[in-house]
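*Asks:* Following is a predicted model, sequence given first.
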Amino acid sequence: MILWPDPTAFRGRPRKGGRLPLILFCEVADNPCISNEQTARGPDVFRSGRTEMTTEARTLMNELDTTLVSASDERQLSILRRVTDLFLNRSQEYSGDQVSVFDDVIVRLIERTEHSALIELSNKLAPVGNAPVNVVVKLSQEDDIAISGPILELSAAVPEGTLAEIAKTKGQQHLAAIAGRPKIGEAVTEILVDRGNSEVACKVTNNQGARFSEPGFVKLIKRAKNDRVLAQAVAIVDVPANVLVRLAYDDDIAIAAPILERSNVMTTLTLTDIVRTKSTRHMLAIAQRPQLATSVTDAMIDRGNSDLLRKIASNDGAVFSEMGYARLINAAKSDKVLAAMIAARPDVPAELQPFLQLALA
């Protein structure tokens, strides 16, 4: 006997929540398994409003198992392809209960399926939003990335917990596939940052659909300290502005520096306050920003040492007030290197040029 979803049973549109027509064909012509009436109606596989399998459905599954024991590899592959295609043809029209029937059938079929067929199945099911859960979970856990990769990267049916477990236990190819998903939850991104190599870390950081918790983002920043490519990607991570600002004030410069140097959410008011209240290392990080407003440079001149003053004087994006230039030139009287840096700037006020020439002398 072969349990077989008959495509001809779907000439009419299946009702949401209705019975899934599964027809039990009998290979022994003289001993039909079910009546014509049963064939037309299809088994009542699920009782209304309940998800557990009925006795009838259980019997059908048992008969399928018995049939597959004696079926050839070619026959099993043929069954798998026909069942899969039947599901894909109307996947969006099936109820959850109906999808569960396909789930039970396909799970049994892939237990005896060859490698190439599993790759084929994975690619077919990966883009389907309501793909059978147990099937996609089983495929996602395969060590062979050719099988698991499409599911890990594309399938919305894989539970977050399954993704987290795979991210904790599988290799870098699996992690890279997960890092490319359209959406990734905070728990999974944190594991990817923890366990992933540089490629994985950069991939998940550049993924606009990846969500980062504050602890996960802190880990990412620390990794970026020794990875220039990752450091550039960190600046565009979608993290709430209040979280970034709070981290910018962190005493650990490894956490604060990437934000102070690159983040676009840092306002002039916040940067000025950090210059006035935090350490020289925080100011040196701010001095590397592509643009510095006058209030920020004024505050730096107030508090900065010679290293900081040289840093901002050599920053083409730094803007100085006239008073700021005057004080900078005054500091340059004892620092010829600083004086030369100021002289190279095109915007030194004309009335301050005589004082600059004295500093250069």
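*Replies:* Yep, it's here.
*Asks:* so how far does stretch 348-357 reach from one end to the other?
*Replies:* The first and final residues of stretch 348-357 sit 12 Å from each other (CA to CA, to the nearest Å).
*Asks:* Stretch 326-341 now?
*Replies:* Stretch 326-341: ends 14 Å apart by CA to CA.
*Asks:* got the contact list for it?
*Replies:* 301, 306, 309-310, 313-314, 320, 342, 352, 355-356, 358-360 (CB atoms under 8 Å, 6 or more residues apart in numbering). From N, CA and C alone the C-beta is placed, and that goes for glycine too.
*Asks:* what does stretch 274-281 give?
*Replies:* Applying CB under 8 Å, 6+ apart, the set of residues contacting stretch 274-281 is 248-249, 251, 253, 256-257, 260, 282-283, 286, 296, 299-300, 302-305, 307-308.
*Asks:* Compute the number of surrounding residues for the residue nearest to E322 when sequence neighbours are not counted.
*Replies:* Spatial nearest neighbour of E322, excluding adjacent residues (CB to CB, 6 or more residues apart in numbering): P349 at 5.4 Å. Applying the criterion other CB atoms under 10 Å, we find 14 residues in the vicinity of P349.
*Asks:* With V107 as the reference, measure out to the nearest residue to A318 once chain neighbours are set aside.
*Replies:* Excluding the flanking residues, the one nearest A318 by CB to CB, 6+ apart is L292, at 4.1 Å. Distance from L292 to V107, counting by CB to CB, to the nearest Å: 61 Å.
*Asks:* So the two - more neighbours on which side?
*Replies:* L292 (21 against 16).
*Asks:* just to revisit the earlier point, does the residue nearest to A318 touch D298 like I think?
*Replies:* No - between L292 and D298 there is no contact, the gap being 10.1 Å when judged by CB atoms under 8 Å.
*Asks:* What ranges does the chain have for its strands?
*Replies:* Using DSSP state E, the strands of the chain run over 2-4, 23-25.
*Asks:* Quickly, which of the ones you listed bottoms out on average pLDDT?
*Replies:* For these, mean pLDDT drops lowest on strand 23-25, to a mean of 33.
*Asks:* Could you chop the chain up by domain?
*Replies:* 1-113, 255-361 (automatic domain parsing).
*Asks:* Pull out the buried residues from stretch 150-159.
*Replies:* Residues of stretch 150-159 classed as buried by neighbour count (16 or more other CB atoms under 10 Å): P150, I151, L152, E153, L154, S155, A157, V158.
*Asks:* before we move on, the earlier item: what sits against the residue nearest to A318?
*Replies:* L292 neighbours (CB under 8 Å, 6+ apart): L271, I286, M300, I312, N315, G317, A318, V319.
*Asks:* what's the distance between the residue lying closest to the second one once chain neighbours are set aside and Q357?
*Replies:* The reference is to I286. Among residues not flanking I286 along the chain, L260 sits closest, at 5.0 Å (CB to CB, 6+ apart). From L260 across to Q357, the span is 35 Å (CB to CB).
*Asks:* which of these two has more neighbours?
*Replies:* L260 (29 against 12).
*Asks:* how about stretch 179-192: buried residues?
*Replies:* In stretch 179-192, counting by 16+ other CB under 10 Å, buried: A179, G180, R181, I184, V188, T189, E190, I191, L192.
*Asks:* Most widely separated two among these?
*Replies:* Based on CB to CB, the longest span within the buried residues of stretch 179-192 runs between G180 and E190 and measures 16.9 Å.
*Asks:* How many residues are close by L328?
*Replies:* 27.
*Asks:* Per-residue pLDDT of the nearest residue to F320 once chain neighbours are set aside, please?
*Replies:* Of all residues not flanking F320 in the chain, T297 sits nearest, at 5.2 Å (CB to CB, 6+ apart). With respect to pLDDT, T297 scores 96.
*Asks:* ok, now which ones touch T297?
*Replies:* Taking CB under 8 Å, 6+ apart as the test, what T297 contacts is I312, A318, V319, F320, S321, G324.
*Asks:* ok, now V265?
*Replies:* Counting by CB under 8 Å, 6+ apart, V265 has contacts A241, L244, V245.
*Asks:* separation between the first one and T270?
*Replies:* If I follow you right, that is A241. Separation of A241 from T270 (CB to CB): 10 Å.
*Asks:* which non-adjacent residue is nearest S295?
*Replies:* T272 (4.8 Å).
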